[in-house]
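>>> Need the 3D shape of this:
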Amino acid sequence: SVAWLGAMAMEQIMGIPMMSGVVALLVFSGIYSIYGGLKAVAWTDVIQVVFLVGGGLITAYFALKAADPTTTDMASGSALEGFRNIYQTIIGTAGDKHFNMVIPEGTLVSDPATGEQFDIYKDLPGLALIFGAIWLTNIGYWGFNQYIIQKGLAAKNIHEAKKGLIFAGYLKILIPIIVVIPGITAYVLFTHPEISEGLSGTIAKADNAYPWLLRNFAPVGIKGLAFAALVAAIVSSLASMLNSTSTIFTMDIYKQLINKKASEKQLVKVGRIVALVSLLIAMVAAKPLLGGLDQAFQYIQEYSGYIYPGVVVVFGMALIWKKATNAAALWTSIATLPAGILIKYIFPDMGFQLRMGYVFIILVVIAVTISLLDKAHSVKDTDESPAVKANLVKHSYGMFAAAAVCTVLGIIYSGEYAHYAFEAIFVMAVLLAFVGLILYTNGKSKTKDEKAYDYDPKIFDMNPGLVMGSIGIVAILVVLYAVFW
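Okay, here's the model as predicted:
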């Protein structure tokens, strides 16, 4: 999917045929990953993010200047006036929800390229994007995805890794400026030909919007830098994925199950072979899987939604719950896909965000039930002092109280606000109760599973700088939702 989207941008900006772009990106990424390793990926990330964010901001700036209705000369236009025009155009159009962050059911939108109408609520189900399965997607992706966490694990120490996470949070807040606003601008420009007259290219589907903006509005020098950064980001992402794929196979499958006495040289060789096979599969599968889609990213979200509920439950309890057992992890993993497919079959029109939430609730029940009943491998727990255990129990009460509040709110308001997917609050209730149960049993129980991880609770400590950084992110999000609710 990453290679396909990158090739699409290359086609829009430079006219390179799609499949040629896919093959070129995958081959270059393969060479880069196989011979450069994670260190090369890390240094490239540091450099390309500056140009990618900078190029995105500059592209947004010039696109907004072009939308200034007070002048026909883009060079003399005002980005502020352009944004005001875009905003007024959107909110002045009946039923247009582009600037709304909470979408009610029945919000029909029309694709300007194809004219097809669809209910955007299915992809963006109201309040589920605040306290529903959006948490599962992000915890699973940012917390348990090898492609992401390998960069955190490569940090000098835990404190540096925490600082990196906070910094990444602020970078993510730039997404509305460098992606969403340009996307809305492209929509307005494209649906108002009098504004976009004389521009080259077209937007055949949603995925073409950003490359179209880059092609038409970024200055020549900036366009080159932004395009180079875009390609670098694609190559870096692909290289990270290849590195993760080869690492997981060699360390978790080959070394553990196939050749336990494998030397470092053999592991490197096997890893390179796995990376090469992955590249070949990606080349063959890209067009059949993604060629007919309007938004490839939506495809990624939809199908990763079948996996992430199980990932969050299994990895979460495996890392921090001392009562979690192998049997619980195994059966939860086995149940993940069937549960998702079953709910999809029973409720075919349910959006993936809501489906993920219900699957998560089912999997938590399975994992907790098996873990509490399976005591075959329990051993005495002497890891923490009584004071630490008491602190865990104290914090569990806060989690249980928050879960109770969410449950009561769900019971009271789910019917009245069903069109905003208020029932998604039950997902938050289960998540909080799950964490509360983990804390409570870790603190109260005198036994643990024999394979439970031993960890120092101090690794979760935050110094004042990290706390303030986290509060800043939350404050910015609250303001954004307050303004664009």
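
>>> The helix or strand harbouring Ala285 packs against which elements?
For Ala285, the enclosing helix or strand under DSSP states H and E is helix 264-290. Counting contacts by 3 or more Cβ pairs under 8 Å, 6 or more residues apart in numbering; DSSP states H and E, helix 264-290 packs against helix 2-14, helix 18-66, helix 220-248, helix 296-304. Glycine gets a C-beta too; all of them are placed from N, C-alpha and C.

>>> which parts of the helix or strand hosting Ser396 are buried?
Remark: Ser396 resides in helix 386-413, with elements defined by DSSP H and E. By neighbour count on 16 or more other Cβ atoms under 10 Å, the buried set for helix 386-413 is 389, 392, 396, 399-400, 402-403, 406-407, 409-410.

>>> can you check stretch 441-449 too?
Applying 16+ other Cβ under 10 Å to stretch 441-449 flags 441-443, 448-449 as buried.

>>> for stretch 411-428, same thing?
Within stretch 411-428, the residues that qualify as buried are 414, 417, 420-428, counting by 16+ other Cβ under 10 Å.

>>> now do stretch 270-286
270-272, 274-275, 278-279, 282-283, 286.

>>> how about that stretch as PDB, C-alpha atoms only?
Extracted as PDB, the C-alpha positions of stretch 270-286 are listed here (Å, rounded to 0.1, in the frame of the first residue of the first chain):
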ATOM      1  CA  VAL A 270      17.800 -15.500   6.000                       C
ATOM      2  CA  GLY A 271      16.600 -12.000   6.800                       C
ATOM      3  CA  ARG A 272      17.700 -10.800   3.400                       C
ATOM      4  CA  ILE A 273      16.000 -13.600   1.700                       C
ATOM      5  CA  VAL A 274      12.700 -12.900   3.600                       C
ATOM      6  CA  ALA A 275      13.000  -9.200   2.700                       C
ATOM      7  CA  LEU A 276      13.400 -10.100  -1.000                       C
ATOM      8  CA  VAL A 277      10.400 -12.500  -0.900                       C
ATOM      9  CA  SER A 278       8.300  -9.800   0.700                       C
ATOM     10  CA  LEU A 279       9.300  -7.300  -2.000                       C
ATOM     11  CA  LEU A 280       8.200  -9.800  -4.700                       C
ATOM     12  CA  ILE A 281       4.900 -10.400  -3.000                       C
ATOM     13  CA  ALA A 282       4.300  -6.700  -2.700                       C
ATOM     14  CA  MET A 283       5.000  -6.100  -6.400                       C
ATOM     15  CA  VAL A 284       2.600  -8.800  -7.500                       C
ATOM     16  CA  ALA A 285      -0.200  -7.900  -5.000                       C
ATOM     17  CA  ALA A 286      -0.200  -4.100  -5.300                       C
END
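
>>> so how far is it off the chain centroid?
23 Å (Cα atoms, centre = their mean, to the nearest Å).

>>> Give me the residues contacting the one helix or strand Phe426 maps to.
According to DSSP H and E, Phe426 maps onto helix 425-444. If you take Cβ atoms under 8 Å, 6 or more residues apart in numbering as the criterion, helix 425-444 is touched by 127-128, 131-133, 135-136, 313, 316-317, 320-323, 357, 360-361, 364, 368, 384, 388-393, 395-400, 402-404, 406-407, 409-410, 414.

>>> try 6 Å this time
Contacts made with helix 425-444 from outside it, assessed by Cβ atoms under 6 Å, 6 or more residues apart in numbering, are listed as 131-133, 320-323, 357, 361, 364, 389, 392-393, 395-396, 399-400, 402-403, 406-407, 409-410.

>>> Around Gln256, count how many other residues there are.
Residues contacting Gln256 under the criterion other Cβ atoms under 10 Å number 10.

>>> that older thread, next, the angle helix 425-444 makes with the helix holding Ser396.
Put simply, helix 386-413 runs at 160 degrees to helix 425-444, going by axes from the mean of the first three to the mean of the last three Cα atoms, to 10 degrees.

>>> and helix 386-413, what does it pack onto?
If you count contacts as 3 or more Cβ pairs under 6 Å, 6 or more residues apart in numbering; DSSP states H and E, helix 386-413 packs onto helix 425-444.

>>> following the helix it packs on, which helix or strand comes up?
For helix 425-444, the following helix or strand on the C-terminal side (DSSP H and E) is strand 447-449.

>>> And the average pLDDT for the following helix or strand past that following strand is what?
For strand 447-449, the following helix or strand on the C-terminal side (DSSP H and E) is helix 464-483. For helix 464-483, the mean per-residue pLDDT is 89.

>>> So what touches helix 464-483?
The set of residues external to helix 464-483 that reach it, using Cβ under 6 Å, 6+ apart, is 101, 162, 166, 169, 173.

>>> Could you list the buried residues of it?
Quick answer for helix 464-483 (16+ other Cβ under 10 Å): Gly469.

>>> Let's see it as CSV, backbone CA atoms only.
Output of helix 464-483 as CSV, limited to C-alpha atoms (Å, rounded to 0.1, in the frame of the first residue of the first chain):
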residue,chain,number,x,y,z
PRO,A,464,7.8,17.4,34.8
GLY,A,465,9.0,18.1,31.2
LEU,A,466,7.3,15.0,29.8
VAL,A,467,4.2,15.7,31.8
MET,A,468,3.9,19.2,30.5
GLY,A,469,4.5,18.0,27.0
SER,A,470,1.7,15.5,27.3
ILE,A,471,-0.6,18.1,28.8
GLY,A,472,0.2,20.4,25.8
ILE,A,473,-0.9,17.7,23.3
VAL,A,474,-4.1,17.1,25.2
ALA,A,475,-4.8,20.8,25.4
ILE,A,476,-4.3,21.4,21.7
LEU,A,477,-6.7,18.5,20.9
VAL,A,478,-9.3,19.8,23.2
VAL,A,479,-9.1,23.2,21.5
LEU,A,480,-9.3,21.7,18.0
TYR,A,481,-12.4,19.7,19.0
ALA,A,482,-14.0,22.7,20.7
VAL,A,483,-13.6,24.8,17.5
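
>>> For Gln48, grab the count of nearby residues.
For Gln48, using other Cβ under 10 Å, the count is 20.

>>> got the contact list for Val312?
So Val312 contacts 136, 139-140 (Cβ under 6 Å, 6+ apart).

>>> Quick check: which element contains it?
Short version: Val312 belongs to helix 308-320, going by DSSP H and E.

>>> Also Phe118?
Using DSSP H and E, Phe118 falls in strand 117-119.

>>> For the helix or strand containing Thr137, what is the distance to the chain centroid?
Using DSSP H and E, Thr137 maps to helix 134-144. Relative to the centre of its chain, helix 134-144 is centred 7 Å away, using Cα atoms, centre = their mean.

>>> Report the next helix or strand after that helix in sequence order.
Taking DSSP H and E, what comes next after helix 134-144 is helix 146-153.

>>> List the buried residues in that next one.
147-148, 150-152.

>>> That helix - what's its average pLDDT?
So the average pLDDT for helix 146-153 ends up being 77.

>>> angle of it against helix 220-248?
Helix 146-153 and helix 220-248 are oriented at 90 degrees to each other (the same axes, to 10 degrees).
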